[in-house]
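Student: Let's see this in three dimensions:
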Amino acid sequence: MNKQQLFENIKRKKSFLCVGLDTDIKKIPEHLLKEEDPIFAFNKAIIDAICDIVPAIKPQAAYYELYSWQGMWALSETVRYAQSKGMIVIMDGKRNDIGSTMQAYAKAHLGTTALRDQQQAAFGSDMLTVNGYLGSDGIEPLLPICDEKDKGIFVLVKTSNPSSGELQDQKIGDKTIYETMGAMCESWGEKTENHYGYSRVGAVVGATYPQQLEEMRQKMPHTFFLVPGYGAQGGGAKDVAGAFDKNGLGAVVNSSRAILTAWKKAGTDGKDFAQQARAAAITMREDIMGVVGKISL
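Tutor: Numbering: from 1, shown residues only. Predicted coordinates for the structure are as follows:
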């Protein structure tokens with residue numbers, strides 16, 4: 001699995017949707033709680049239901065850390081199972097450190113670790129979300145592994161949360177902090193563009209700020225976007241339209257709760273949770289494609 005496959009998945013499935021697996025017990029139907037590993041059982045069923053129509057999943061690491069080693073085991077199994085179904089896995093960890101510590105995060109989530117004279121993947125994700133606000137010291141340790149393993153990262157630029165502007169909208173000279181971070185992403189990704197024109201260094205830019213999203217697409221032509229905020233957070237299809245380039249590429253759009261808990265919205269007992277998730281994903285795929293138009297390559 002490699003970063004290039006994300007683009008191939010988007011083309012083949014005609015979909016820009018990324019499903020966030022923010023899985024906790026509250027989202028799992030009661031009948032699954034009897035399973036030996038209810039979190040993985042839930043994730044596996046969701047993946048089976050959507051793998052032919054959704055290019056990528058995005059597990060949020062915190063929801064698995066919450067359940068100690070059992071949760072981390074479920075996370076590891078989820079990554080491997082999704083990849084076996086041809087899906088790209090974006091680990092949502094928002095890691096942020098420097099030097100050898102950041103190298104350790106890179107190895108854990110994107111690379112391999114030497115164990116008993118063998119190289120083994122701890123999690124083996126395809127991409128990782130990271131916080132770039134320690135500057136280059138926190139990003140550069142990731143780049144060699146991304147090059148070696150053909151992986152990618154998404155750096156927080158303009159996030160979807162309501163208070164993001166408290167810091168990100170402040171100015172350094174005549175540029176906002178999010179503009180400055182965006183320019184740094186373009187710089188970090190130099191010379192790593194694939195034949196679609198996008199580098200290994202992506203950016204997180206939220207759908208809840210559509211004007212800034214469109215602005216950053218213009219200012220970051222080589223940076224692929226991960227767009228949160230669609231669905232339960234209030235962003236709609238028109239809000240994400242600015243993330244895409246003239247060829248209909250440039251972003252994947254994440255939705256978590258609206259898909260994972262679609263069975264609750266439908267008012268069922270949850271035994272059809274996977275089918276409800278698929279139906280919600282199809283609706284969202286068509287909704288987004290309706291504003292993007294078509295992929296022209």
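
Student: gap between stretch 204-218 and the chain center?
Tutor: Stretch 204-218 sits 16 Å away from the centroid of its parent chain (Cα atoms, centre = their mean, to the nearest Å).

Student: So which bits of it are buried?
Tutor: Residues of stretch 204-218 classed as buried: 204-210, 212-217 (neighbour count, 16 or more other Cβ atoms under 10 Å). The C-beta positions use only the backbone N, C-alpha and C, and glycine is treated the same way.

Student: can you map out the helices along this structure?
Tutor: Taking DSSP state H to define them, one finds helices in the chain at 3-13, 38-50, 61-65, 68-84, 99-109, 143-149, 165-168, 177-188, 210-219, 237-240, 257-260, 262-266, 273-292.

Student: Including distance to His195 and mean pLDDT, could those go into a markdown table?
Tutor: As requested, the helices of the chain are exported to a markdown table (distance: least, Cβ to Cβ, whole Å; pLDDT from 0 to 100):
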| stretch | distance to His195 | mean pLDDT |
| --- | --- | --- |
| helix 3-13 | 9 | 86 |
| helix 38-50 | 28 | 98 |
| helix 61-65 | 31 | 96 |
| helix 68-84 | 23 | 97 |
| helix 99-109 | 25 | 94 |
| helix 143-149 | 16 | 93 |
| helix 165-168 | 32 | 93 |
| helix 177-188 | 18 | 96 |
| helix 210-219 | 19 | 94 |
| helix 237-240 | 24 | 88 |
| helix 257-260 | 31 | 94 |
| helix 262-266 | 36 | 94 |
| helix 273-292 | 20 | 94 |
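
Student: and those as TSV, adding distance to Gly197?
Tutor: As requested, the helices of the chain are exported to TSV (distance: least, Cβ to Cβ, whole Å):
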stretch	distance to Gly197
helix 3-13	10
helix 38-50	28
helix 61-65	30
helix 68-84	25
helix 99-109	25
helix 143-149	17
helix 165-168	26
helix 177-188	12
helix 210-219	12
helix 237-240	19
helix 257-260	29
helix 262-266	35
helix 273-292	17
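
Student: confidence score at the closest residue in space to Ile98 that isn't next to it in sequence?
Tutor: Leaving aside its chain neighbours, Ile98 sits nearest to Asp137 (4.1 Å; criterion: Cβ to Cβ, 6 or more residues apart in numbering). For Asp137, the model assigns a pLDDT of 96.

Student: What is the burial count for Asp137?
Tutor: Using other Cβ atoms under 10 Å, Asp137 is surrounded by 11 other residues.

Student: again with Pro141
Tutor: Neighbourhood size, Pro141 [other Cβ under 10 Å]: 20.

Student: can you count the residues close to the nearest residue to it once chain neighbours are set aside?
Tutor: Of all residues not flanking Pro141 in the chain, Met102 sits nearest, at 4.1 Å (Cβ to Cβ, 6+ apart). Met102 is flanked by 20 other residues according to other Cβ under 10 Å.

Student: any idea how far Asn131 is from Met102?
Tutor: Computed with Cβ to Cβ, to the nearest Å, the distance linking Met102 and Asn131 is 11 Å.

Student: what touches both of the two?
Tutor: Counting by Cβ atoms under 8 Å, 6 or more residues apart in numbering, the common neighbours of Met102 and Asn131 are 95, 138.

Student: these two touch, right, Glu214 and Val240?
Tutor: No. Here Glu214 does not reach Val240: they are 9.8 Å apart, not a contact under Cβ atoms under 8 Å.

Student: Could you find the closest non-adjacent residue to Ala121?
Tutor: Thr112 (5.1 Å).

Student: again, but for Phe273
Tutor: Trp263 (4.1 Å).

Student: Correct me if wrong: that neighbour contacts Pro29.
Tutor: Yes. The criterion here is Cβ under 8 Å, and Trp263 meets it with Pro29 at 6.7 Å.

Student: Identify the contacts common to the two.
Tutor: Common neighbours of Trp263 and Pro29 (criterion: Cβ under 8 Å, 6+ apart): 270, 273.
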